[in-house]
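Novice: Okay, predicted coordinates and the sequence, questions at the end:
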Amino acid sequence: MKKNNLIIPFLIVFIMALFVVFLFLKNNKADKPTMASVEVPVENKNSSSSIIFFYGNTCPHCAKVEKFFEEENIRSKINFQSLEVYQNKDNANLMIQKAEACGLKPEELGVPFLYDSGKCLIGDTPIIDYFKNKISSSKS
């Protein structure tokens, strides 16, 4: 009888530990911000010409880009969409579609990710540089 009394608490602890490991792996897999930038022009008649910034709500590199947007008032200077991908599966699927249009595989993706008319950028520095260049070229 005592042996059965120990099995139930052990199973509960074991299941909770598996859940914690699952959450940790899920968050780490989605956030690969140190990846180098990739910019590949693509001729795709179905692609939209709008700029889309994909981010994760707990991604520190995404927060760095968001801080840049606020400090430089980017949203008032350049029209683009911001789509969160950790909590929104439709946005995550759209990010995968846009990345595939650039020839990227889903396992190569991470956030922050930017799509602009067949060009894809991954990482905070390349995306910040992209917006800086876009602003400076619009001033000329």
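Specialist: Cool, got the structure. Numbering: from 1, shown residues only.
Novice: CA only for contacts and neighbour counts going forward, please
Specialist: Fine.
Novice: and the closest residue to Pro106 other than its chain neighbours, what element?
Specialist: Using C-alpha to C-alpha, 6 or more residues apart in numbering and skipping residues adjacent in sequence, the residue nearest Pro106 is Ile96, 6.0 Å away. Here Ile96 sits within helix 89-101, counting by DSSP states H and E.
Novice: Residues contacting that helix, please?
Specialist: Outside helix 89-101, the residues that touch it by C-alpha atoms under 8 Å, 6 or more residues apart in numbering are 42, 44, 47, 54, 83-86, 105-106, 109, 113, 115, 118, 120.
Novice: Can I get the buried part of those as one ChimeraX selection?
Specialist: Selection of buried members from the contacts of helix 89-101 for ChimeraX, criterion 16 or more other C-alpha atoms under 10 Å:
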select :54,83,84,85,86,109,113,115,118,120
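Novice: Which ones among the contacts of helix 89-101 lie within helices?
Specialist: If you go by DSSP state H, the contacts of helix 89-101 have nothing in helices.
Novice: Mind telling me what element Val111 is part of?
Specialist: Assessed by DSSP H and E, Val111 sits outside every helix and strand.
Novice: Tell me how many other residues crowd it.
Specialist: Counted with other C-alpha atoms under 10 Å, the neighbours of Val111 add up to 28.
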